[in-house]
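[1] no FASTA, just this:
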């Protein structure tokens, strides 16, 4: 298996210029424009940024800066044309959403995708916030192979954190950036029908021992119904879904957000599934960012799992990705959502910012 290490080319890319900031504007006449700035976003639409100067001061300098920004739009054109009217499923981890400034920046990137004609559905977890609040309440937590054992007390906290705090924080950030959005869980619209996971023998990837595990109120997906999601997407909304589902009796289950995102992507016939994590993609050496794998196949990804090259937290992601790639989703991406403009870099450049997995 030949694995390609991340590209180190010096080509121009969106990330280089967007690190200075951008803003999406929508006029009442339906004309969408992009504003770029070198500092904090201007609160007034169309306001001039004094740092850019004027065309009459320092001849050539301001004009060159403007031309560079216009060149960005030219570079983005083939990507916009290719992905317009396609569906992207973007999964946010709890670690990505815990910092408000970071979340606001990510919301702007999602809004930009929407404004150029890409339909975006957001799925979020919240494992880190759940662990933090549960530990504050004295509720012990156990995670096996990246899956959380969910007792009754943990489920109550999960409902509060997933469908409440985190979902509302994401909606608020998207609204701030001018995005029409709707918050929901897998229970809404009967989107996710699940069943309680059976007690099973599991090979613990960390200890190497086989253990009998009762995962408690953890659900396995039985059926996906995307009618509500399609209705929202077709009418210009960005749905934001938390990782909860229910069975026919109304019993609520905690379901791995990566698995939900993968299933939603398949049933929506999405062009891309993008997983935003706190790592730069799949790394051969977690302590060495330069060991990032830029692109690999589903078979190669599964081989990394078998050889225990990747960490336990990456196992559910790779398993879900390998399965969905074989079911019609063109590509899946693992990127570091905590890095500014990583989403734009991954979508609008050949180089990318993380790991892309294809068939």
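    Thanks, I have it. None of these values were measured; they are calculated from a predicted model.
[2] For the nearest residue to residue 238 once chain neighbours are set aside, give me its contacts.
    Nearest residue to residue 238, sequence neighbours excluded (C-beta to C-beta, 6 or more residues apart in numbering): residue 181, at 4.5 Å. Glycine gets a C-beta too; all of them are placed from N, C-alpha and C. Taking C-beta atoms under 8 Å, 6 or more residues apart in numbering, we find residue 181 in contact with 171, 174, 175, 237, 238, 239, 240.
[3] Next, give phi and psi for residue 181.
    Per-residue torsions, residue 181: phi -140, psi 160 (degrees, to the nearest 10).
[4] where does residue 114 land in three-state SS?
    For residue 114, the assignment made with DSSP: H, G, I helix; E, B strand; the rest coil gives helix.
[5] With the flanking residues excluded, which residue is spatially nearest to it?
    residue 120 (5.5 Å).
[6] Give me the three-state assignment for the one you found.
    Residue 120 - assigned by three-state DSSP - is strand.
[7] Could I get the contacting residues of it?
    Each residue near residue 120 by C-beta under 8 Å, 6+ apart is listed here: 87, 88, 89, 90, 110, 113, 114, 238.
[8] From residue 152, how far out is the residue nearest to residue 238?
    31 Å (C-beta to C-beta, to the nearest Å).
[9] Can you report how many residues lie near residue 84?
    Residue 84: 11 surrounding residues under other C-beta atoms under 10 Å.
[10] Ok, residue 228 next?
    Neighbours of residue 228 under the rule other C-beta under 10 Å: 16.
[11] Tell me where the model's unsure across the stretch 1-150 of the chain.
    1-60 (pLDDT under 70).
[12] Which of the contacts of residue 120 fall in helices?
    Cross-referencing the contacts of residue 120 against helices under DSSP state H gives 110, 113, 114.
[13] OK, contacts around the first one?
    The one in question is residue 110. Contacts of residue 110 by C-beta under 8 Å, 6+ apart are 90, 120, 122, 174, 177, 179, 238, 343.
[14] so residue 237 makes contact with residue 183?
    No: between residue 237 and residue 183 there is no contact under C-beta atoms under 8 Å: 10.4 Å.
[15] quick one, which of those two is more surrounded?
    residue 183 (21 against 18).
[16] Can you verify that one is assigned to a strand?
    Yes: under three-state DSSP, residue 183 falls within a strand.
[17] who's in contact with it?
    By C-beta under 8 Å, 6+ apart, the residues touching residue 183 are 167, 168, 170, 171, 239, 240, 241, 242.
[18] Verify the contact between the third one and residue 107 for me.
    It stands for residue 170. Yes: Residue 170 is in contact with residue 107 according to C-beta under 8 Å; the separation is 7.3 Å.
[19] In the stretch 1-150 of the chain, what residue spans correspond to strands?
    Using DSSP state E, counting those that start in this stretch, the strands of the stretch 1-150 of the chain run over 4-5, 22-26, 32-36, 87-92, 119-124, 142-144, 147-149.
[20] Just confirm residue 305 is within a strand.
    No: Residue 305 sits outside any strand when classified using three-state DSSP, being helix.
[21] Run a quick neighbour tally on it.
    16.
[22] Nearest residue to it in space, ignoring adjacent ones along the chain?
    The nearest residue in space to residue 305 (C-beta to C-beta, 6+ apart) is residue 318, at 5.4 Å.
[23] With residue 194 instead?
    Residue 194's closest residue in space is residue 219 (C-beta to C-beta, 6+ apart), at 3.4 Å.
[24] mind listing what the one you found touches?
    Residue 219 neighbours (C-beta under 8 Å, 6+ apart): 194, 195, 196, 197, 245, 246, 247, 253, 254, 255.
[25] and with 7 Å instead?
    For residue 219, the contact set (C-beta atoms under 7 Å, 6 or more residues apart in numbering) comprises 194, 195, 196, 197, 245, 253, 254, 255.
[26] If you count neighbours, what's buried in the lengthiest helix in the chain?
    In the chain, with assignment by DSSP H, the single longest helix is helix 61-83. Neighbour-count burial for helix 61-83 flags 65, 69, 72, 75, 76, 79, 83 (criterion: 16 or more other C-beta atoms under 10 Å).
[27] tell me the angle it makes with strand 119-124.
    90 degrees (axes from the mean of the first three to the mean of the last three C-alpha atoms, to 10 degrees).
[28] Name whatever forms a beta bridge with the residue nearest to the spatial centre of the chain.
    Nearest to the geometric centre of the chain sits residue 91, at 3.2 Å (C-alpha atoms, centre = their mean). Judged by DSSP bridges, the bridge partners of residue 91 are residue 123, residue 275.
[29] Next, find the distance separating it from residue 257.
    6 Å.
[30] for residue 162, same thing?
    9 Å.
[31] got the buried residues for stretch 138-151?
    Buried residues in stretch 138-151, counted by 16+ other C-beta under 10 Å: 139, 141, 144, 145, 146, 147, 148, 149, 150, 151.
[32] so what's residue 228 up against?
    Per C-beta under 7 Å, 6+ apart, neighbours of residue 228: 188, 189, 191.
[33] Dump the residues you listed into TSV; add neighbour count as well.
    Formatted as TSV, the contacts of residue 228 follow (neighbours: other C-beta atoms under 10 Å):
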residue	neighbour count
188	18
189	17
191	24
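[34] No more questions from me, cheers.
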